[in-house]
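In: Let me see the structure of the following:
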Amino acid sequence: MKYHIDFDIEFKRNPHKGLYIALEGIDGSGKTTQIDKLFEYFKKQGREVVKTREPRKDDGLIGELIQKILNGKTKVPSIAIQYLFSADRGMHHSELIEPALKAGKIVISDRCFWSAVPYGILDLDQEFDPNSARYIMVAQSILSMYHQFITPDNTIYLDIPVERAIERLSKMTHEKEIYEEKQKIKKAKEGYEWLLKQFPEEFKIIDATKSVEEVATEILSVINQSSSRFIKKLDN
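Out: Numbering: from 1, shown residues only. Coordinates of the predicted model:
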């Protein structure tokens, strides 16, 4: 027997004084570099800044387990991976993000809840399917009537071709993670592209193939353009 469920819901917006910024994109898009530059920029302005990431890889019991899973040292059923990420996200928001925003700090995050869609699709071990993406959004509390995570004030998507991202990753010396394979990166990009079409008002897209300085300038421009709504909160 089939059951039909239908409801309308809005995203949970940031009600606090602080500013919440998230950078999204496939592996190799340059998020880490740009987050470091943003962090230094706001620090020089005398702002209190918190730099973080999702999922957390080395914070607490869940973080330690996530680190082992991502590095391929521990295996769990595919369906469990995103639920671990979601559990860590819940703790992350209550322990760090919300207290920082309440205190008027700037939070800069390497990914946020949006990443549950492209990477959740990967863990389903099937071709990209819009219906699966919608199920993930409900299951991971993105479009949940029970609980939602605060939506970033600015979500910036660093857009880069898969081949270019792989080229960058091949030059890095860090320990490779389970998602850093061509087919998985390609599939993750498809997930992000679906999100961009479904929620165009939630993302600002920046060409990540440009130089580091050009990308940094564009990111700051995006944030400054929304200053009337957000930066003003920090000065009140």
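In: pLDDT weak spots in the chain?
Out: Within the chain, the ranges that satisfy pLDDT under 70 run 5-7, 58, 60, 122-129, 139, 145, 173-180, 227-236.
In: what about the helices in it?
Out: Assigned by DSSP state H, the helices in the chain fall at 31-44, 60-70, 78-92, 98-102, 116-122, 130-139, 162-170, 182-198, 212-225, 231-235.
In: so can I have a markdown table of the ones you listed showing mean neighbour count?
Out: Every residue, glycine included, has its C-beta placed from N, CA and C. Output for the helices of the chain, formatted as a markdown table (neighbours: other C-beta atoms under 10 Å):
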| stretch | mean neighbour count |
| --- | --- |
| helix 31-44 | 17 |
| helix 60-70 | 16 |
| helix 78-92 | 18 |
| helix 98-102 | 18 |
| helix 116-122 | 24 |
| helix 130-139 | 16 |
| helix 162-170 | 15 |
| helix 182-198 | 18 |
| helix 212-225 | 15 |
| helix 231-235 | 13 |
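In: mind checking which of these is nearest P15?
Out: helix 98-102 (8.5 Å; C-beta to C-beta).
In: Take the helices of the chain and lay them out in TSV including distance to T52.
Out: Output for these, formatted as TSV (distance: least, C-beta to C-beta, whole Å):
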stretch	distance to T52
helix 31-44	9
helix 60-70	12
helix 78-92	7
helix 98-102	9
helix 116-122	16
helix 130-139	22
helix 162-170	22
helix 182-198	20
helix 212-225	17
helix 231-235	18
